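>>> here is the input, now give the coordinates:
(chains A and B)
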There are 2 protein chains.
Amino acid sequence: MTYDLEKMRKDAIKIFHRGLEAVEPAAAVKRNCRLTDGMLRIGKSTFDLSKIDNIYVVGTGKASAPMAAAIEDILGERIAKGIVNVKYGHVAQLKTVKLIEAGHPIPDENGQAGAQSILNLVNDAGKNDLVVCLISGGGSALLPLPFQGLTLKDKQDTTDVLLACGATIHEINAIRKHLSAVKGGRLAKAAFPATIVSLMLSDVIGDNLDVIASGPTVPDSSTFKDCMNIFSKYSIINRLPRAVVDHIEAGISGTIPETPKPDDPVFEKTHNLVIGSNIDAIRAAKKEAEALGYRTLVLSSMIEGETREVALVHGALAREVLRTGNPLPAPACILSGGETTVTLKGDGLGGRNQEFALAAALDIAGHDRIVVLSGGTDGNDGPTDAAGAIADNNTLKRAEKMNLSPHMFLEKNDSYHFFEKLGDLFKTGPTNTNVMDLRIILVSKP
Amino acid sequence: MTYDLEKMRKDAIKIFHRGLEAVEPAAAVKRNCRLTDGMLRIGKSTFDLSKIDNIYVVGTGKASAPMAAAIEDILGERIAKGIVNVKYGHVAQLKTVKLIEAGHPIPDENGQAGAQSILNLVNDAGKNDLVVCLISGGGSALLPLPFQGLTLKDKQDTTDVLLACGATIHEINAIRKHLSAVKGGRLAKAAFPATIVSLMLSDVIGDNLDVIASGPTVPDSSTFKDCMNIFSKYSIINRLPRAVVDHIEAGISGTIPETPKPDDPVFEKTHNLVIGSNIDAIRAAKKEAEALGYRTLVLSSMIEGETREVALVHGALAREVLRTGNPLPAPACILSGGETTVTLKGDGLGGRNQEFALAAALDIAGHDRIVVLSGGTDGNDGPTDAAGAIADNNTLKRAEKMNLSPHMFLEKNDSYHFFEKLGDLFKTGPTNTNVMDLRIILVSKP
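The predicted structure is shown next:
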């Protein structure tokens, strides 16, 4: 049985890497963009390059440098100019496109200067120009451009007040978009009448376009009036920067234009396309699992919730496979994605994926033939150098022999040190992509 | 769309009731016991009644009265005598079998007197006698018989100390069995050399025989030595009743016999059979769902965890059905069972099933075509008169119109009053059975 577990652990790693390949930024760009005989096909749209004067490349996000490199590979010298904001160190060798390294998760002046350059660039684009916009996770913080009259600090202070008063992420996003000169579709608006194609690598649950990097090229259905209603709802007007309240009031009175709405003509010339997301990684992982002989079930790419509780549910599925062959008979692979949360109680080291694996290890202990791998597709689980961890039904036995108490490590949120001692951390190194997490549960035949 | 939701809600209720029917105690007994031409078939075993001198019926549990009625229907006057412990008021019309009404969840003197009568009855059974034992949920508290030299209070005090020190349920069970004269296989041991057939309605996760009613007819793999190790592990010896520590020490020294182990000859004459459990209810529910035209997936009958987090996972599956047709395409029915927990924060009224429906309602709001029903198979969710509640993607909209804040009700653990106001409580009345909870998620086609 030991040998089987070893094979299953290797299978789980293979399945994870196959998922990862599918969302590698350059590969995702190349899968969705093809240039043949002067015709550029992006998704379902086709552009005759002979009718396009200039191609500009802009973008923002942690994975946007390799996306830019892929676009350069495809379009070569047809690119007239390009500016892309990336996180410090997240660079690539580029020919035409200029990378601006900027602050993340805290926006900084570099990011703002880059955002201004990007806005200027697309502003200059004409009717026969094509703007290719490359968006990936982190793209919101990396493209900070407060609306005229506001400062980065105004925006940050507003966010702090909103978080403190318990506003929902939906409400916070509505306000963020209305304080920005580029978010909430304003970048697309600026590029008009040029054609804009936005390629997005999604790091958000459900791949909602207007949420990815706060939707610079996506219609915004929220209004200045909504923003004021949110301020009233939480009674926070007096706690907000004066400039912010003035700005929202100016928007309501019509002095400042609204973010573009879905019926804005700009979106007739805007093409938004998700080129890589959690469900893509899961689908590729499924193919690999099936090739390895596992019946495979995709649960959901949208799993959220408290990590250890979510792990219990996954454990219950694995144990049911053993007991009754539900939800599918062994050899079975159950895949899920999304991003869970960890409510910190201890001061240990770990991340949601490692904590998932630890809670799952406790749940499947004493059973048979189960392997669990949970990993972040960015290769970076919490503040650790691991992507996640691998557990199986023998993990607890091995821990016991080493006098490690899994309960104690879980209580302390110290999953990293638990799996480090067992040699069961799952490390990929930085992957340059991010479509949230991937969880793989394998249950073999007896 | 409103009409579809109405139909889906009715479908969900039909599916639940079909699941319930499968675990109705009398029906479950009759499905598993048949008398034809003097041959009694119970599960896979057959007993030639012409070779059996006396048939005795014993039992314990909240559903054991209707089980006894079913056995009387089958065996009629062949039953020589019978004694079954039930909860106050959980009775049925019986001819031969005597019901002893007793305390639950706190054991009382009635229960102890009944347990002693049951022990005496099976003690008198001879080699050619058959003891039919009817076990259902609550059977542990309803059959309290402290080992000679111990009192009910000793047992209760011990349990209190164990709960306070953080002992696992597995550890608590090991000690309970060793303090009892009937649990942990001792009832079967007392019946030896009679043949014993134990019919069990399972209310525990995974249907572990030795856990259902603390396994009066099931081998116990734990030992007196294990019990002492648990006392040492938590350093509680000084906090336990002296009689309990003396008893365990006497067991270790061999003065008191061990609980019977799996290789004990008594188990060659013991037949344990689960006649109804959560997975049986789920399987029947699946048939009904399929008959109603839904593709149906059984997730697991062993779902545990914090209710609202478990609800998020179920919601994520429903939303993925809408988005990508995973884990299965609409029209889809997703079934799960088990028993979740609620960490109380507020002082509202509700139960885990109603809280599940409320958390799910929040998760699926703004989506389409989803109905969620969660109900306890005993018809009794928490301290309420409802079995559970029904939610759909319109629940929040309807609540908004009535100025109800679902978040507030959830914070206060007040799901009962939320669904009461909406008219969406799911009430079955007492069902006389209990195989934990059943959750039904329906997603229809557009």
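
>>> grab the nearest non-local neighbour of A:Phe192.
Nearest residue to A:Phe192, sequence neighbours excluded (CB to CB, 6 or more residues apart in numbering or on different chains): A:Val266, at 4.3 Å. Quick note: C-beta positions are derived from backbone N, CA and C, even for glycine.

>>> that neighbour: what's it in contact with?
The contact partners of A:Val266, by CB atoms under 8 Å, 6 or more residues apart in numbering or on different chains, come to A:185, A:188-189, A:191-192, A:260.

>>> check A:Ala359 too.
For A:Ala359, the contact set (CB under 8 Å, 6+ apart) comprises A:307-308, A:311-312, A:315, A:410.

>>> 7 Å instead, please
A:307-308, A:311-312, A:410 (CB atoms under 7 Å, 6 or more residues apart in numbering or on different chains).

>>> next, the buried residues of stretch A:110-121.
By neighbour count on 16 or more other CB atoms under 10 Å in any protein chain shown, the buried set for stretch A:110-121 is A:110-112, A:114-115, A:118-119, A:121.

>>> report how many residues lie close to A:Pro25.
By the criterion of other CB atoms under 10 Å in any protein chain shown, A:Pro25 has 28 neighbours.

>>> so what's it up against?
Counted by CB under 7 Å, 6+ apart, A:Pro25 has contacts A:63, A:66-67, A:136, A:201, A:432-433.

>>> that older thread, so which of the contacts of A:Val266 comes closest to chain B?
Set against chain B, the nearest of those by CB to the nearest CB is A:Gly185 (20.6 Å).

>>> pretty sure that closest one contacts A:Ser221?
No - under the criterion of CB atoms under 7 Å, A:Gly185 makes no contact with A:Ser221, lying 9.9 Å away.

>>> still on that earlier bit, most neighbours among the contacts of A:Val266, which one?
Most neighbours among those, by other CB under 10 Å: A:Ala191, with 30 neighbours.

>>> name the nearest residue to that one, ignoring sequence neighbours.
A:Val122 (3.9 Å).

>>> before we move on, which element is the one you found in?
Element membership of A:Val122, judged by DSSP states H and E, is helix A:109-123.

>>> what about the longest helix along chain A, distance to the chain center?
Ordering each helix of chain A by length in residues (DSSP state H) puts helix A:2-22 first. Here helix A:2-22 is found 23 Å from its chain centre; the criterion is CA atoms, centre = their mean, to the nearest Å.

>>> same check, this time on stretch A:74-87
Per CA atoms, centre = their mean, the centroid offset for stretch A:74-87 relative to its chain is 22 Å.

>>> now stretch A:108-125
With CA atoms, centre = their mean, you get 23 Å for stretch A:108-125.

>>> same question, stretch A:296-315
Stretch A:296-315 has its C-alpha centroid displaced from the chain centroid by 18 Å (CA atoms, centre = their mean).

>>> likewise for stretch A:432-446?
The chain centre lies 17 Å from the centre of stretch A:432-446; the measure is CA atoms, centre = their mean.

>>> do stretch A:200-207 as well
5 Å.

>>> give me the mean pLDDT for that stretch.
Taken as a whole, stretch A:200-207 has a mean pLDDT of 95.

>>> endpoints of that stretch, how far apart?
End-to-end span of stretch A:200-207 (CA to CA, to the nearest Å): 9 Å.

>>> returning to what we had before: filter the contacts of A:Val266 down to the ones in helices?
Cross-referencing these against helices under DSSP H gives A:188-189, A:191.

>>> I'd like the residues you listed as CSV, with pLDDT appended.
Converted to CSV, the ones in helices among the contacts of A:Val266 look like this (pLDDT from 0 to 100):
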residue, pLDDT
A:Ala188, 98
A:Lys189, 97
A:Ala191, 98
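
>>> what is the nearest of these to B:Pro216?
A:Ala188 (71.7 Å; CB to CB).

>>> ok, now how distant is that closest one from A:Ala28?
As for A:Ala188, its distance to A:Ala28 is 21 Å (criterion: CB to CB, to the nearest Å).

>>> before we move on, what about A:Leu344?
Separation of A:Leu344 from A:Ala28 (CB to CB) stands at 33 Å.

>>> the two: who's more crowded?
Neighbour count, other CB under 10 Å: between A:Leu344 and A:Ala28, A:Ala28 has more, with 27 against 11.

>>> now the contacts of A:Pro25 in JSON lines, with neighbour count and secondary structure?
Shown next, in JSON lines, are the contacts of A:Pro25 (neighbours: other CB atoms under 10 Å in any protein chain shown; DSSP: H, G, I helix; E, B strand; the rest coil):
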{"residue": "A:Ala63", "neighbour count": "32", "secondary structure": "coil"}
{"residue": "A:Pro66", "neighbour count": "25", "secondary structure": "helix"}
{"residue": "A:Met67", "neighbour count": "33", "secondary structure": "helix"}
{"residue": "A:Ser136", "neighbour count": "33", "secondary structure": "coil"}
{"residue": "A:Leu201", "neighbour count": "30", "secondary structure": "strand"}
{"residue": "A:Asn432", "neighbour count": "19", "secondary structure": "coil"}
{"residue": "A:Thr433", "neighbour count": "27", "secondary structure": "coil"}
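
>>> adding distance to chain B, write those residues out as TSV.
Shown next, in TSV, are the contacts of A:Pro25 (distance: CB to the nearest CB, whole Å):
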residue	distance to chain B
A:Ala63	22
A:Pro66	26
A:Met67	24
A:Ser136	21
A:Leu201	18
A:Asn432	25
A:Thr433	20
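
>>> lowest-confidence one in those residues?
Within those, pLDDT is lowest for A:Asn432, at 89.

>>> hmm, that one is touching A:Ala63, no?
Yes - if you go by CB under 7 Å, A:Asn432 and A:Ala63 touch, sitting 5.7 Å apart.

>>> I'd like to know how far the residue nearest to A:Asp4 when sequence neighbours are not counted sits from chain B.
Nearest residue to A:Asp4, sequence neighbours excluded (CB to CB, 6+ apart): A:Ser444, at 5.7 Å. As judged by CB to the nearest CB, to the nearest Å, A:Ser444 and chain B stand 18 Å apart.
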